[in-house]
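**Q** Quick check, what structure comes out for this input:
(chains A and B)
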Amino acid sequence: GAVVSQHPSRVICKSGTSVKIECRSLDFQATTMFWYRQFPKQSLMLMATSNEGSKATYEQGVEKDKFLINHASLTLSTLTVTSAHPEDSSFYICSARQPNTEAFFGQGTRLTVV
Amino acid sequence: AQSVTQLGSHVSVSEGALVLLRCNYSSSVPPYLFWYVQYPNQGLQLLLKYTSAATLVKGINGFEAEFKKSETSFHLTKPSAHMSDAAEYFCAVSESGNTPLVFGKGTRLSVIA
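**A** Residues are numbered from 1 along each chain as shown, chains lettered A, B, ... in the order given. Okay, here's the model as predicted:
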């Protein structure tokens, strides 16, 4: 099956710094990728839909200036958490979907802001 | 709008016993339905999917699910639980082939030796 690679798997950063998370579709072209956030023992909440070559679509309540999404190519989307604070600590997961099939998920990134 | 309800945030079964994880969905159009499994600090792995073909769907690791339109359900079952099945299970729905998935809150499955 298709593979989605997410990097890094774990990152610790200082409060006020920015962190970039990469999501790559390794064997298919993904015009659309999705970014989710998962709090401990909770479900995945959709943050935004990343569209290749255009602006991302953010879900209600998600700060677009804090969570910058770039989808510059058909195989790469990045999520940058800007000016991170401890409340941004979470598990972030990206997903890519081929038309009319299941969604493939990255391994997730555990972000800890200290 | 779509939604998914997973009954029971935690299910505990004995090794070798039947596993039944419940999922009910709401969708205004014929849905795509999925079950995913998540192990600690990992991404999601697809167990099985329903995309308007056969209503009884067989997945990996001995899991299967049945789509019942009249009950708006897509319950996940496995005849005999293994210790390795202990994980978090998510039911998800989407309304088309290229939209994001909407997830239920998840059910944590524990398997007792």
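**Q** Closest residue of chain B to chain A?
**A** The minimum distance from chain B to chain A, using C-beta to the nearest C-beta, falls at residue B:97 (3.3 Å). (C-beta placed from N, C-alpha, C; glycine too.)
**Q** Measure how buried that residue is and give me the count.
**A** The local packing of residue B:97 (other C-beta atoms under 10 Å in any protein chain shown) involves 13 other residues.
**Q** For it, report the pLDDT, please.
**A** At residue B:97, the model reports a pLDDT of 73.
**Q** ok, now which ones touch it?
**A** Contacts for residue B:97 (C-beta atoms under 8 Å, 6 or more residues apart in numbering or on different chains) come out as A:97, A:99-101, B:32, B:51.
**Q** Give me the PyMOL select line for those, limited to the buried ones.
**A** Selecting only the buried entries of the contacts of residue B:97 in PyMOL, with 16 or more other C-beta atoms under 10 Å in any protein chain shown as the criterion:
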select buried, (chain A and resi 97+101) or (chain B and resi 32+51)
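**Q** Tell me which of the contacts of residue B:97 fall in strands.
**A** Restricting the contacts of residue B:97 to those inside strands, with DSSP state E as the criterion, leaves A:97, B:32.
**Q** one step back: and the residue of chain B closest to chain A, backbone torsions?
**A** Here is the backbone geometry of residue B:97 (degrees, to the nearest 10): phi -80, psi 0.
**Q** could you dump the contacts of residue B:97 to CSV with distance to residue A:4 and pLDDT?
**A** As requested, the contacts of residue B:97 are exported to CSV (distance: C-beta to C-beta, whole Å; pLDDT from 0 to 100):
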residue, distance to residue A:4, pLDDT
A:97, 10, 81
A:99, 15, 72
A:100, 17, 71
A:101, 13, 73
B:32, 18, 90
B:51, 19, 83
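**Q** Output the contacts of residue B:97 as TSV; include the columns distance to residue B:88.
**A** Supplementary listing: the contacts of residue B:97 in TSV, determined by distance: C-beta to C-beta, whole Å:
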residue	distance to residue B:88
A:97	21
A:99	28
A:100	26
A:101	23
B:32	21
B:51	23
